[in-house]
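Colleague: sharing a sequence plus its predicted fold:
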Amino acid sequence: MKNVALITGASSGIGKELARIHAEQGGDLVIVARSKEKLEALKSELESNHGVQVKIIAKDLTVSNAPREIYDEVSNTGIEVEYLINNAGFGGRGKFYERSWEQDLAMIDLNVVALTALTRHFLPGFVSRNQGRILNVSSTASFMPGPLQAVYYATKAYVTFFGNAIAEELHDTNITVTTLMPGATETEFAKVSGMDKTDLFDKTVSARSVAKDGYDGMLNGKLDVVSGLRTNQKLMMKMIPFMPKKMLLKQIRKLQEAN
């Protein structure tokens, strides 16, 4: 296999589009998600349409040893990953004290722990070869606290700052770490998280356009890529540092209340 990208959460949404874009460039893939059936369908599509090789790994990344098992399986088959794309993640809406602790813990395990573990497993190989690119899919949620999505926003803040920090640690290498921060995107995320009933997801951008922005940013070695924001949302992002925090929190909460 050549020019291999390992993509988590590849069975739908932004991850699926990232896999398609990489295959269109002639790159081989390792695609990871829970649904073996969806992965097999994507593998068939990419191999038949683009003549690339695709390996599937069906894993639940909320399970603690899954990242290590993925790394071992890839290493034991002699595959050299050149692009690590940590895309898998999910959210959930509601007051923290009312939400299922098991769901929020799984969110932390997927959004934070699995992403960090996969990066730790694959990064030493990148360093030894002095080559590689990492793309972490965060969110514009990482810029602020998120009442009614307290855990999700906090996990995405971790993703953004973690990626930025290790990017600087690697400043004297040929390895880059890019953080993609989408706004409201047309994926299964909104339905799963309950955000499809809010004003924030009233208008969404396509997963394809967000994936393209992130993929191009990764190839160009950008630190951060913000994608999918409407004009009013861009203005709000610029105002965040200057807004009193209580006012900001109230505004975010209102955006996330169900219609």
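Modeller: Arrived safely, thanks for sending.

Colleague: out of everything not next to it in sequence, what's closest to residue 157?
Modeller: The shortest distance from residue 157 to any residue other than its chain neighbours is 4.5 Å, reached at residue 142 (C-beta to C-beta, 6 or more residues apart in numbering). Heads up, the C-betas are built off the backbone N, CA and C, glycines and all.

Colleague: A helix includes the one you found, no?
Modeller: Yes: assignment of residue 142 by DSSP: H, G, I helix; E, B strand; the rest coil places it within a helix.

Colleague: count of neighbours near it?
Modeller: Look at residue 142: counted by other C-beta atoms under 10 Å, it has 21 neighbours.

Colleague: surely it is in contact with residue 159?
Modeller: Yes: the pair residue 142 and residue 159 qualifies as a contact (C-beta atoms under 8 Å) at a distance of 6.5 Å.

Colleague: let me see the ranges of the strands in the stretch 1-150 of the chain.
Modeller: In the stretch 1-150 of the chain, the segments counted as strands under DSSP state E, counting those that start in this stretch are 4-8, 29-33, 54-58, 81-86, 132-137.

Colleague: what ranges do the helices span in the stretch 151-259 of the chain?
Modeller: 189-193, 207-219, 231-239, 245-255 (DSSP state H, counting those that start in this stretch).

Colleague: most tightly packed of the ones you listed?
Modeller: Mean neighbour count (mean count of other C-beta atoms under 10 Å) peaks for helix 207-219 among the helices of the stretch 151-259 of the chain, with a mean of 21.

Colleague: give the rounded mean pLDDT of it.
Modeller: With pLDDT averaged residue by residue, helix 207-219 scores 96.

Colleague: same question for stretch 15-28.
Modeller: Mean predicted confidence for stretch 15-28 is 97.

Colleague: and it, which residues are buried?
Modeller: By neighbour count with 16 or more other C-beta atoms under 10 Å, stretch 15-28 contains the buried residues 15, 16, 17, 18, 19, 20, 21, 22, 23, 27, 28.

Colleague: and these, which two are the farthest apart?
Modeller: Maximum pairwise distance among these (C-beta to C-beta): 17.2 Å, between 17 and 28.

Colleague: which of the buried residues of stretch 15-28 lies at the shortest distance from residue 210?
Modeller: Distance to residue 210 across those (C-beta to C-beta) is lowest for residue 17, with 7.7 Å.

Colleague: coming back round to it: hey, which of the strands of the stretch 1-150 of the chain is tucked in deepest?
Modeller: Neighbour counts (mean count of other C-beta under 10 Å) averaged over each of the strands of the stretch 1-150 of the chain peak at strand 29-33, with a mean of 28.

Colleague: neighbouring strands for it, and are they parallel or not?
Modeller: When pairing is defined by DSSP bridges, strand 29-33 lines up against strand 4-8 (parallel), strand 54-58 (parallel).

Colleague: turn those strands into JSON lines, including mean pLDDT and distance to residue 112.
Modeller: JSON lines is the format used below for the strands paired with strand 29-33 (pLDDT from 0 to 100; distance: least, C-beta to C-beta, whole Å):
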{"stretch": "strand 4-8", "mean pLDDT": "98", "distance to residue 112": "13"}
{"stretch": "strand 54-58", "mean pLDDT": "98", "distance to residue 112": "20"}
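
Colleague: okay, those strands in CSV with distance to residue 75 next?
Modeller: Formatted as CSV, the strands paired with strand 29-33 follow (distance: least, C-beta to C-beta, whole Å):
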stretch, distance to residue 75
strand 4-8, 11
strand 54-58, 12
